[in-house]
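> Everything below, folded, please.
(chains A, B and C)
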Amino acid sequence: MAELTMGVGEDIYELVKRLFPIHRSITGKGFRESLRIIKEYLPEIEIGSIRSGERCFDWTVPEEWDIEEAYIEELPSGKRVVDIRDNNLHIVSYSEPFEGILTFEELEKHLHYREDLPDAIPYVTSYYHRTWGFCLSYNQFKSLDRSKKYRVVIRSSLFKGELNWGEVYIPGNTDKEVVFSTYLCHPSMANNELSGPALCTFLGRYIKSKERRKLSYRILFLPETIGSICYISRNLKRLKEKVIAGFVVTCVGDDREFSYLPSRYGNTLADKLALNILEHHTSGFKRYSFLDRGSDERQYCSPGVDLPFCSVMRSKYGEYLEYHTSLDNLELVSPSGLEGSYDIYTKMIDVLENNSVYVTTTLCEPQMSRRNLYHKISHLGWSGFTKLMMDFLAYADGLNDLIDIANIIGKSAYELIEVKDILLKHGLLREL
Amino acid sequence: MAELTMGVGEDIYELVKRLFPIHRSITGKGFRESLRIIKEYLPEIEIGSIRSGERCFDWTVPEEWDIEEAYIEELPSGKRVVDIRDNNLHIVSYSEPFEGILTFEELEKHLHYREDLPDAIPYVTSYYHRTWGFCLSYNQFKSLDRSKKYRVVIRSSLFKGELNWGEVYIPGNTDKEVVFSTYLCHPSMANNELSGPALCTFLGRYIKSKERRKLSYRILFLPETIGSICYISRNLKRLKEKVIAGFVVTCVGDDREFSYLPSRYGNTLADKLALNILEHHTSGFKRYSFLDRGSDERQYCSPGVDLPFCSVMRSKYGEYLEYHTSLDNLELVSPSGLEGSYDIYTKMIDVLENNSVYVTTTLCEPQMSRRNLYHKISHLGWSGFTKLMMDFLAYADGLNDLIDIANIIGKSAYELIEVKDILLKHGLLREL
Amino acid sequence: MAELTMGVGEDIYELVKRLFPIHRSITGKGFRESLRIIKEYLPEIEIGSIRSGERCFDWTVPEEWDIEEAYIEELPSGKRVVDIRDNNLHIVSYSEPFEGILTFEELEKHLHYREDLPDAIPYVTSYYHRTWGFCLSYNQFKSLDRSKKYRVVIRSSLFKGELNWGEVYIPGNTDKEVVFSTYLCHPSMANNELSGPALCTFLGRYIKSKERRKLSYRILFLPETIGSICYISRNLKRLKEKVIAGFVVTCVGDDREFSYLPSRYGNTLADKLALNILEHHTSGFKRYSFLDRGSDERQYCSPGVDLPFCSVMRSKYGEYLEYHTSLDNLELVSPSGLEGSYDIYTKMIDVLENNSVYVTTTLCEPQMSRRNLYHKISHLGWSGFTKLMMDFLAYADGLNDLIDIANIIGKSAYELIEVKDILLKHGLLREL
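Next up, the predicted model:
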């Protein structure tokens, strides 16, 4: 059984903190440096790569991007008014190199801010369109002197390099696998997205700690969109054969309500499991539609790919105030928020390990009293554990797996694991 | 795309006005005269006929009926108190010839009126039971002098003749056909039923005006019940092979809320289409049950016939005050009411022309930015047309036609035509 | 048609009264004596038996139990403070023989009472665990003198004997059968459970009184749980082949609201029938879930047995205050309560006798007026019986049986029997 490891939330939070300052994008040194840190926790991680310019389905792998320096100086004073040394988000991701002196009017076309969030630096990218730009808070923007000239320096490089990802495979007794897919391409934001890679790292450790594993597990640390497309394009056949459930792990670090985003039709094992566990182990959660999708389930659940992926989050991307700004920082996520997500995900793992179609070994009800599984003197009806056992047996008819039975009888599948184990032990059930 | 032809409502209304004074029944001169007028608008109309006494399934085609004169004179004054020259509805349809002098008590057995609508002349028929009768308003009835005698004159004829219908066939690139069935057998009433034949006439002109037509269309101007039974009995095999959707077009002329009456199980293409268009292009509509049926869907949707017909109306027959009385007149219907119905029906035609199962041509999402179908610099999520394209692609999985996709993403199928066209043009979709 | 036999409720109640004083358990003289009384009403009843120690699926038939005397005397006065001569419920069913003098503390461990119902003697059993005990009201218990000693006498016998049941088979034109299963093992309680055996006795007489019977019927008077398990174990193949619907008849004697407890998935003919009749012939009823089960449907609906059984009750066992206590007595049940249940069950029998898939014999609607099945002069739409006939014909498409049609058109299947008969008589329907 998954026990809440004391303090695991603190450990996950520490990893978020270590990864936070690194300047990441969908390619580049920052991404690889982040994988190196995760390897300290999960030594079996393997680094995958694919060359710039390669085709992956409809896409072409972009050039690699690295950024060394980027700032704006007010002239003639030379005062640096914007500098990525202050915040990685100041530069539009994939900005091309540039150096020049501009009037305010010229500069302004390259500045991004959010009037509705005057203190926040927005997160802006331009992966597939060559341009450059800076992001700054609206308050910063307003403080610029429109009569001055500005020197802009962007020392970035765009070159034929590679796109990377990290992959951890933890084998079990069968090659049926469960996938946790997360993305590591965001710079210096905490809920979206360091919570996902950090949680996945600790889920890997949890899975390894389990003595017997029926299932195999795969954890993917990808660049979002292009990364999942590349990975799927190179592994589709195996994924379709082996994967029984997958989860896009993102936005799992804050303390707010849980969220659930279904697969394309909401009818996969992953969906069924997530709904049962969220229903019984949270105080409430928000159900989204696949129309609200926005992360790698767009690829995993696309027509023809059709993998059984859903997403269990806390505050969903796009739905919280701080999303894609500098306000999504280390104060937004917390050890308790991360630990709550860890709790839900480890319970889902435990259920998957125990999920099968079970059938009764006798016709009619078995004689529970003979096995000391039943109150001996009968006043009234069944209660408590006896009721759970009898209800489990009633629906262990070869049509339902453990989660189905849990849903029929209105209980947590996680809590039924013990019921199933006792019935198995007494020979009253068999696995189909 | 269906554009609202300026003033088409006025044109349809003019046709209603021309047809209104003619004395029609399920057979006879009036019916043929009405078809002749429609032929001025749709020259390709063909007049079908079947002889009195012929069998059609369980029915026998009745004799032809014509009426020349019918009135009641008060004696001895000779004052005409009821005369069909004032209103065609004064005579019970299919009244046998009669001439005689009656006491009020004798006459009264042959008079029909509505106490609940004291100014309305009711519409009464007796197609399959030989009798005669007059219809008059309750106020008229009350004003008759019970102490007087009355001379009744009905110069009608019932004879072995024929039953007629009009049929317009407009071929397209395939022989899969859409049927619009309406009925022309009602005398001098406007919503039920000249609105249907008049609208169908202009739908015919609309269909002909479309340059490319994937589908073929058939418009039927029938006598109600016996006409559809006769037509089905002579064409069942073809109808079952070719018809993909059909509509009973009736009560489409007033300005009130739209109505929808489903097929027997509400699960045909016609139903799916009608519901989508009514949902997104009216401010609300009333959903009836097949148990509320009352027109030719009774035959089209009968067991063994099982054609995919439903009915889109404005105020449904039997559900509005003026129904089947002289109050259902030229004031009840209006150019705007007729034009609103024209708009819904032409949108349904446009969707049918564009409806297919479409599938994506790439695995995973295509790279929209490369095709200038996407914002280049990404702040937040998708919006507007981009969102429609991505959602269309997500469900273009070979399981859904255009209307299904529209229903899944909560949009009008009519509005998705443009989305589909752009995706097709860019090679991102193919028709299955 | 089932007519309410005047006074049948009184007759059923009289049988309850005759059976009430007998001391019954799951085996023994009392059970057989009760069957003998029922035989007076249903001479074709056959007594089945199975020896103690035999295996039935997972169970072993228990020893036979008889009780002659059981009391508690206060010492030294010799006053009998508890005695089964006052109430059969005073002894725990299957108590082993015992004689001895005990302190109050020793005695107390063997006493059962209900603090929440201080005047009620609870009903307690210990079939499969050797012990002894007395049941008494909480008020009685409180009045015992804790300083006294008590002499306990239980003259019971437990011996290799047999377990019995009663079985009535009433053949019809086909061997498809309907089962009414009830249980006779409860001592001196009225709603649960003499109402069931008494009602079933009179259902047997009702079935025999029907002139033509399409179906065969089987009525089972069993000991609960072990009885149904034994019966199923010896007859499973036949039951699975022949039974089209079955009912666990229990708690049918009081005047309170009806209850419905479904089969395992609520999708059998028995469920469909029960819901239709309860919906249309009661003023409301309570729907339970299979999770609320507690009687022999536990066996009939168990995985692998899968018989189409549900339960139609009045106050469900476990859900009324007096349940399993001495308060469930002859005042709780009534002639009117029993007669109301008789009415529902006989209506269900009538519907089963008339239930088939019917299909129309014509395409399109038939010409009803030709057969005098229709108003001859038409003002408005259909009404009353005409509407029922037309709606029946519309859904007599080979997909629906009589009950399905009733559910589609929102009517009682019982009331549609007459509609079906008239349509059959006129050759407008045939049975599939």
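
> need the helices for the stretch 51-200 of chain A, in chain order.
A:104-108, A:138-143, A:195-209 (DSSP state H, counting those that start in this stretch).

> For the stretch 151-300 of chain A, which residues are neighbours of chain B?
Contact residues, the stretch 151-300 of chain A versus chain B (Cβ under 8 Å from any Cβ of the partner chain): A:225, A:228-229, A:232-233, A:236, A:264, A:290-291, A:293-294, A:298-299. For the C-beta atoms, the positions are set from N, CA and C on the backbone; glycine is no exception.

> could you redo the last one with a cut-off of 7 Å?
A:229, A:232, A:264, A:291, A:294, A:298-299 (Cβ under 7 Å from any Cβ of the partner chain).

> Buried subset of those residues as a ChimeraX selection?
Only the buried entries of those go into this ChimeraX selection, using 16 or more other Cβ atoms under 10 Å in any protein chain shown:
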select /A:229,232,264,294,298,299
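
> mind putting the residues of the stretch 151-300 of chain A next to chain B in TSV, distance to B:Ile417 included?
As requested, those are exported to TSV (distance: Cβ to Cβ, whole Å):
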residue	distance to B:Ile417
A:Ile229	29
A:Ile232	31
A:Arg264	23
A:Leu291	20
A:Gly294	26
A:Arg298	24
A:Gln299	27
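
> quick revisit: to C:His186, which of the helices of the stretch 51-200 of chain A lies closest?
C:His186 sits nearest to helix A:195-209 of all the helices of the stretch 51-200 of chain A, at 53.2 Å, using Cβ to Cβ.

> Show me what the mean pLDDT comes to for the helix or strand just after that closest one.
On the C-terminal side of helix A:195-209, the nearest following helix or strand under DSSP states H and E is strand A:216-222. Taken as a whole, strand A:216-222 has an average pLDDT of 98.

> Show me what strand A:216-222 pairs with in its sheet, parallel or antiparallel.
Pairing partners of strand A:216-222, with direction, according to DSSP bridges: strand A:162-170 (antiparallel), strand A:177-183 (parallel).

> would you put the C-alpha positions of that strand in CSV?
This file holds the C-alpha atoms of strand A:216-222, laid out as CSV (Å, rounded to 0.1, in the frame of the first residue of the first chain):
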residue,chain,number,x,y,z
SER,A,216,6.2,-1.8,-16.2
TYR,A,217,6.5,2.0,-16.0
ARG,A,218,7.9,4.7,-18.3
ILE,A,219,8.5,8.3,-17.3
LEU,A,220,9.1,10.8,-20.0
PHE,A,221,10.7,14.2,-19.4
LEU,A,222,10.0,16.0,-22.7
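
> List the contacts of the helix or strand following that strand.
Using DSSP H and E, the helix or strand that directly follows strand A:216-222 along the chain is helix A:226-242. The contact list for helix A:226-242 (Cβ atoms under 7 Å, 6 or more residues apart in numbering or on different chains) reads A:26, A:50, A:56-57, A:59, A:61-62, A:163, A:165, A:175-177, A:181, A:183, A:220, A:222, A:296, A:299-300, A:305, A:307, B:364.

> mind putting the residues of the stretch 151-300 of chain A next to chain B in JSON lines, secondary structure, pLDDT and distance to C:Tyr358 included?
Shown next, in JSON lines, are those (DSSP: H, G, I helix; E, B strand; the rest coil; pLDDT from 0 to 100; distance: Cβ to Cβ, whole Å):
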{"residue": "A:Ile229", "secondary structure": "helix", "pLDDT": "98", "distance to C:Tyr358": "57"}
{"residue": "A:Ile232", "secondary structure": "helix", "pLDDT": "98", "distance to C:Tyr358": "54"}
{"residue": "A:Arg264", "secondary structure": "coil", "pLDDT": "98", "distance to C:Tyr358": "42"}
{"residue": "A:Leu291", "secondary structure": "helix", "pLDDT": "97", "distance to C:Tyr358": "45"}
{"residue": "A:Gly294", "secondary structure": "coil", "pLDDT": "95", "distance to C:Tyr358": "54"}
{"residue": "A:Arg298", "secondary structure": "helix", "pLDDT": "98", "distance to C:Tyr358": "51"}
{"residue": "A:Gln299", "secondary structure": "helix", "pLDDT": "98", "distance to C:Tyr358": "53"}
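
> before we move on, back to that, what's the closest of the helices of the stretch 51-200 of chain A to chain C?
The minimum distance between chain C and the helices of the stretch 51-200 of chain A falls on helix A:195-209, with 33.2 Å, by Cβ to the nearest Cβ.

> Show me where the stretch 301-432 of chain A dips below the pLDDT cut-off.
Residues of the stretch 301-432 of chain A that meet the criterion pLDDT under 70 lie in A:375-381.

> hmm, try it at 90
Within the stretch 301-432 of chain A, the segments meeting pLDDT under 90 span A:369-370, A:372-385.

> ok, which stretches of it are strands?
With DSSP state E, counting those that start in this stretch as the criterion, the stretch 301-432 of chain A has strands at A:309-313, A:357-360, A:397-401, A:429-431.

> Mind listing the residues bridging to A:Ser157?
A:Asp66.

> Tell me how chain A divides into domains.
According to automatic domain parsing, chain A comprises the domains A:8-62+A:162-353, A:66-158, A:357-431.

> hmm, back to that, including mean neighbour count and distance to B:Ile101, could the strands of the stretch 301-432 of chain A go into a markdown table?
What follows is those, written out as a markdown table (neighbours: other Cβ atoms under 10 Å in any protein chain shown; distance: least, Cβ to Cβ, whole Å):
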| stretch | mean neighbour count | distance to B:Ile101 |
| --- | --- | --- |
| strand A:309-313 | 29 | 86 |
| strand A:357-360 | 20 | 88 |
| strand A:397-401 | 17 | 81 |
| strand A:429-431 | 16 | 93 |
